[in-house]
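1. Give me a model of this one.
(one chain, ligands or ions: 1)
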Amino acid sequence: MVKVKICGLMDTLSVLTAVDAGADFIGLVFAKSKRRITLEKAKELASIIPSNIKKVGVFVNEKKEVIEEIAEEVGLDYIQLHGDETPDFCAQLSLPIIKAFSVASVEDVEKVKGYPCDYYLLDSPHGKYRGGNGTTFDWSLVKNQAFLKDKMILAGGLTVENVAEAINEVKPIGVDVSSGVETNGVKDTDKIRAFLLAAKKGETNGKI
Ligand SMILES: O=C(O)c1ccccc1NCC(=O)[C@H](O)[C@H](O)COP(=O)(O)O
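-> Here you go, the predicted model:
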């Protein structure tokens, strides 16, 4: 079954809803964003996430020492790098890595090759912030690419309305959402449940 990451959670009710509705990854944003949370809040939210659900810390061009200190304090399972981090930088981190890439061209997809990481999060080109902008990209750029198959988390503008279509068309190993489960910029528990239901019903690439 496809894995689902719900990103940018900032409050207890949203976290408990994502946990109850079957999320596989929960993303906590430590980068410049309207969804950025403090270290204290992150520790509080992390403490109510069961260990089978992976806690992902999202960073943009952050120092290795800062990432490692936050990861240790919060108990992160994955580091999501959403900036211009190099393959060398990814290799230096001791935790599992999700590397995010903005996809607007075939060349952008080619850049993914050679990155040492556990998952590639393929996202739309960034807007005001490096992620979480709620826009889709051309999925045809990333489908039928053998080298992406086992590691691809599809992101960018996914919603309850388009997530099943996205899964069927692209066949990623996972999907990620932030804006699509919000109402007026705030996480919406009904949308979190509906998204997880729609995503988990979608087809998979048979690898999970
Ligand atoms: O979500 C943010 O505010 C954010 C800010 C800076 C860097 C990354 C950020 N989010 C990372 C994510 O994984 C988002 O879920 C992803 O970009 C998709 O967002 P959306 O298009 O809003 O579903």
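
2. In stretch 109-127, which residues are buried?
-> For stretch 109-127, burial by neighbour count (16 or more other Cβ atoms under 10 Å) applies to Val109, Val112, Tyr115, Cys117, Tyr119, Tyr120, Leu121, Leu122, Asp123, Ser124, His126. Every residue, glycine included, has its C-beta placed from N, CA and C.

3. Just the ones of those in strands?
-> The strands, defined by DSSP state E, take in Tyr119, Tyr120, Leu121, Leu122, Asp123 from the buried residues of stretch 109-127.

4. check those against the ligand, which are close?
-> Restricting these to those adjacent to the ligand (criterion: Cβ under 6 Å from any ligand atom) gives Asp123.

5. just to revisit the earlier point, tell me which of the buried residues of stretch 109-127 is nearest to Ser94?
-> Checking these against Ser94 with Cβ to Cβ, the nearest one is Cys117 at 13.0 Å.

6. Am I right that that closest one is in contact with Cys90?
-> Yes. Cys117 is in contact with Cys90 according to Cβ atoms under 8 Å; the separation is 5.4 Å.

7. shared neighbours of these two, anything?
-> Taking Cβ atoms under 8 Å, 6 or more residues apart in numbering as the criterion, Cys117 and Cys90 both touch Leu81, Ile97, Lys99.

8. The first one touches Pro96, doesn't it?
-> Yep, that's Leu81 we're talking about. No. Contact criterion Cβ under 8 Å: Leu81 and Pro96 do not qualify, at 11.4 Å.

9. Touching both of these two, which residues are there?
-> Here Leu81 and Pro96 have Cys117 as joint contacts, going by Cβ under 8 Å, 6+ apart.

10. So which of those two has more stuff around it?
-> Just comparing Leu81 and Pro96: by other Cβ atoms under 10 Å the higher neighbour count belongs to Leu81, 26 against 15.

11. Phi and psi next, for the more buried one.
-> Leu81 adopts backbone torsions of phi -100, psi 120, taken as degrees, to the nearest 10.

12. do the one 3 residues further on as well
-> When quoted as degrees, to the nearest 10, the phi and psi of Asp84 stand at phi -100, psi 30.

13. on that earlier part again, in TSV: the ones in strands among the buried residues of stretch 109-127, plus distance to Lys201 and pLDDT.
-> As requested, these are exported to TSV (distance: Cβ to Cβ, whole Å; pLDDT from 0 to 100):
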residue	distance to Lys201	pLDDT
Tyr119	22	97
Tyr120	24	97
Leu121	22	97
Leu122	22	97
Asp123	23	97
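
14. Between the ones in strands among the buried residues of stretch 109-127, which sits nearest Leu154?
-> Using Cβ to Cβ, these come closest to Leu154 at Leu122, 5.9 Å.

15. which residues in the chain form helices?
-> Using DSSP state H, the helices found in the chain span residues 12-20, 39-46, 64-74, 87-92, 106-111, 163-170, 189-201.

16. need these in CSV with mean pLDDT and distance to Leu154, can you?
-> CSV is the format used below for these (pLDDT from 0 to 100; distance: least, Cβ to Cβ, whole Å):
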stretch, mean pLDDT, distance to Leu154
helix 12-20, 98, 18
helix 39-46, 98, 25
helix 64-74, 98, 24
helix 87-92, 96, 20
helix 106-111, 92, 12
helix 163-170, 96, 5
helix 189-201, 96, 10
